[in-house]
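Q: predicted model and sequence below, questions to follow.
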Protein chains: 2
Amino acid sequence: MAGLFDKVAIIGIGHIGSSLARVIKRDGLAGSLVTLENNAAHRAKALELGIVDEATDDPAIAVTGADLVVLATPVGTYAGLAQAIAPFLKPGAILSDVGSVKMAVLRDVLPHLPDGVSFVPGHPIAGTEHSGPTAGFAELFRGRWCILTPPAGTEQSAIDKVTALWQSAGSTVEIMEASYHDRVLAITSHLPHLIAYTIVGTATDLEASLQQEVIKFSASGFRDFTRIAASDPVMWRDIFLNNREAVLDVLQRFTEDLTALQRAIRWGEGDKLEELFTRTRAIRRSIIDARQA
Amino acid sequence: MAGLFDKVAIIGIGHIGSSLARVIKRDGLAGSLVTLENNAAHRAKALELGIVDEATDDPAIAVTGADLVVLATPVGTYAGLAQAIAPFLKPGAILSDVGSVKMAVLRDVLPHLPDGVSFVPGHPIAGTEHSGPTAGFAELFRGRWCILTPPAGTEQSAIDKVTALWQSAGSTVEIMEASYHDRVLAITSHLPHLIAYTIVGTATDLEASLQQEVIKFSASGFRDFTRIAASDPVMWRDIFLNNREAVLDVLQRFTEDLTALQRAIRWGEGDKLEELFTRTRAIRRSIIDARQA
């Protein structure tokens, strides 16, 4: 896959962007690799780590001549960024991204896309609760899924090149409708994060003495939620604002189910509790069987 | 600590009971070790594993002559068990348990406690999502907390002996009021489990095609919840039924907080989302600092 691209521009050199940069460097996928990044400390760190050849805050310098441009900033920035880089995208270039929502990305980017440029939105199902260029690592994507949601009519050769990039990173690529992606991720990722943020927030509002005990005895279940609730605040704000319909839909289902359980506890309906708790075991088994545990 | 007890009886040889049996055997803490267990397959397995000297379904055989008896069955069974074993408890014996709720345990056990027998309720903050005697292991309690909630007036020597048992298992012992224990665990353990059960239940009600995608892409957050939601159904049914007030109280707070977040998403209030998501990061930091991560 060496020489897959002449010049790659990664917009935003945070956790995911810097991990992808490391893959591209490791596998020699690009003749040159530049990042467009507003944060001067992150630019300096990326150069110091040697994971990019060039770091700039000038869209013209970053994007001009690039045959692949990857948006790797919070999705709320995409509309402004697409507008800023559009004039410098060359014909035949591929624009891609790594955002966790996909309908909003099409909505925000497509209006700015110049003729002759292909848009292949992507979402690597990978990440940790850490942020910034030092938190990245090339192995992050190994053995994970990467979902691509190219709009109808996208050049097949562009899809193939983005697929080759993620396969080089060690991921398995799946093509999906953007709207279906957003529904699936609302339940597998967005709702779990929302709930984790909520429960940790509820705990922070407890009186101080009780809060100390919560931290002390967090290993009994709470701890698993705090890891998720330590994820990047701006990234997650943008995810919820940009997958509103799907998140509110699954949240409504969840709230109904929780209310039913609450009622079963209040009225001492042990059979209802046991029935649900038995049913949920089967899903864990399926995940283990699917080798995702 | 060798010879801490002459005869120990463990009531129920499941995940926790069998792990404690392994500790007692490993460290030679008892002259003899017997389990009272209704499940014939579990009795046979415990004997085959060599983790008990004797396995019986007869309370008289199990408890007669024991100087320590540990209840390690779902807490809903305690009242009946306490009544069944009470006639055979010798003066000076210590009764303890490993249940995840403590007020209900005092309520159910104390009325049956014979004179001259000390009750030292305990709760090792340890466990996995697995069940049964083969799932136990002696290292389960190492580096974990064990909370004891002896009622006022309990013999200090009895508290000291139960403390020595758990210290031998590698745990740090903390003495606490039963009601305070139940409030702390409601937020650190019971609410997280209830929410995990709910979200996995919500997912199982999705149409079949979508459910397959949920399993496939579970690594994006959902997976962490399924592990918790695979815990023993009867044990957890009994926990919720027996810590009702504290669970309903924290659940009410959680639901209010979740409703506020839902509203913020619906109305696009990004600043409220970002503020909460930033605040929850600090709790993770505290847990890491407390070496509980």
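A: Sure, I can see it. Numbers count the residues shown, from 1 in each chain, chains lettered A, B, ... in the order given.

Q: drop to CA atoms for contacts and neighbour counts, all remaining ones
A: Fine.

Q: so what's A:Ala46 up against?
A: The contact partners of A:Ala46, taken as Cα atoms under 8 Å, 6 or more residues apart in numbering or on different chains, are A:Ile13, A:Ser18, A:Val52, A:Ala55, A:Pro133.

Q: hmm, A:Glu37 and the first one touching each other?
A: Yes. The pair formed by A:Ile13 and A:Glu37 meets the contact definition of Cα atoms under 8 Å, at 6.4 Å.

Q: which neighbours do those two share?
A: Contacts common to A:Ile13 and A:Glu37, judged by Cα under 8 Å, 6+ apart, are A:Arg43.

Q: what about those two, which has more around it?
A: Comparing A:Ile13 with A:Glu37 by neighbour count (other Cα atoms under 10 Å in any protein chain shown), the higher total belongs to A:Ile13, at 32 against 23.

Q: tell me what the helix or strand hosting A:Arg107 is packed against?
A: In the assignment (DSSP states H and E), A:Arg107 maps to helix A:103-109. When contacts are defined as 3 or more Cα pairs under 8 Å, 6 or more residues apart in numbering or on different chains; DSSP states H and E, helix A:103-109 packs onto helix A:78-85, helix A:178-185.

Q: what residues does it touch?
A: With contacts defined as Cα under 8 Å, 6+ apart, helix A:103-109 is touched by A:Val75, A:Tyr78, A:Ala79, A:Ala82, A:Gly99, A:Pro121, A:Pro151, A:Ala178, A:Ser179, A:Asp182, A:Asn242, A:Asn243.

Q: are any of these buried, and which?
A: A:Val75, A:Tyr78, A:Ala79, A:Ala82, A:Gly99, A:Pro121, A:Pro151, A:Ala178, A:Asp182, A:Asn242, A:Asn243 (16 or more other Cα atoms under 10 Å in any protein chain shown).

Q: distance of A:Lys90 relative to A:Val69?
A: The gap separating A:Lys90 from A:Val69 is 10 Å, by Cα to Cα, to the nearest Å.

Q: these two: which is more packed in?
A: Applying other Cα under 10 Å to A:Lys90 and A:Val69 shows that A:Val69 carries more neighbours, namely 25 against 18.

Q: which SS state does the more buried one fall under?
A: With DSSP: H, G, I helix; E, B strand; the rest coil as the basis, A:Val69 sits in strand.

Q: now do A:Ser100
A: With three-state DSSP as the basis, A:Ser100 sits in coil.

Q: just to revisit the earlier point, make TSV from the contacts of helix A:103-109 and add pLDDT to it.
A: Shown next, in TSV, are the contacts of helix A:103-109 (pLDDT from 0 to 100):
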residue	pLDDT
A:Val75	96
A:Tyr78	97
A:Ala79	97
A:Ala82	98
A:Gly99	96
A:Pro121	98
A:Pro151	97
A:Ala178	97
A:Ser179	96
A:Asp182	97
A:Asn242	96
A:Asn243	97
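
Q: buried sites along stretch A:159-176?
A: For stretch A:159-176, the neighbour count (16+ other Cα under 10 Å) marks A:159, A:161-173 as buried.

Q: these in strands, which ones?
A: Counting by DSSP state E, the part of these found in strands is A:Thr172, A:Val173.

Q: and the two most separated of the buried residues of stretch A:159-176?
A: A:Ile159 and A:Gly170 (16.7 Å; Cα to Cα).

Q: spell out, range by range, the helices that occur in chain A.
A: Shown for chain A, the helices assigned by DSSP state H span residues A:15-27, A:40-49, A:59-63, A:78-85, A:103-109, A:156-168, A:178-185, A:191-204, A:208-216, A:222-228, A:233-242, A:244-266, A:270-289.

Q: how far away from the center of its chain is the first one?
A: When distances are taken as Cα atoms, centre = their mean, to the nearest Å, helix A:15-27 is centred 15 Å away from the chain's centroid.

Q: buried ones in that helix, by neighbour count?
A: Neighbour-count burial for helix A:15-27, counted by 16+ other Cα under 10 Å, picks out A:His15, A:Ile16, A:Gly17, A:Ser18, A:Ser19, A:Leu20, A:Ala21, A:Arg22, A:Val23, A:Ile24, A:Lys25, A:Asp27.

Q: low-confidence regions, chain A specifically.
A: Residue ranges of chain A with pLDDT under 70: A:1, A:291-293.

Q: quick check: the most centrally placed residue in it vs chain B, distance?
A: With distances taken as Cα atoms, centre = their mean, A:Ser100 lies nearest the centre of chain A, 3.9 Å away. Using Cα to the nearest Cα, to the nearest Å, A:Ser100 is found at 10 Å from chain B.
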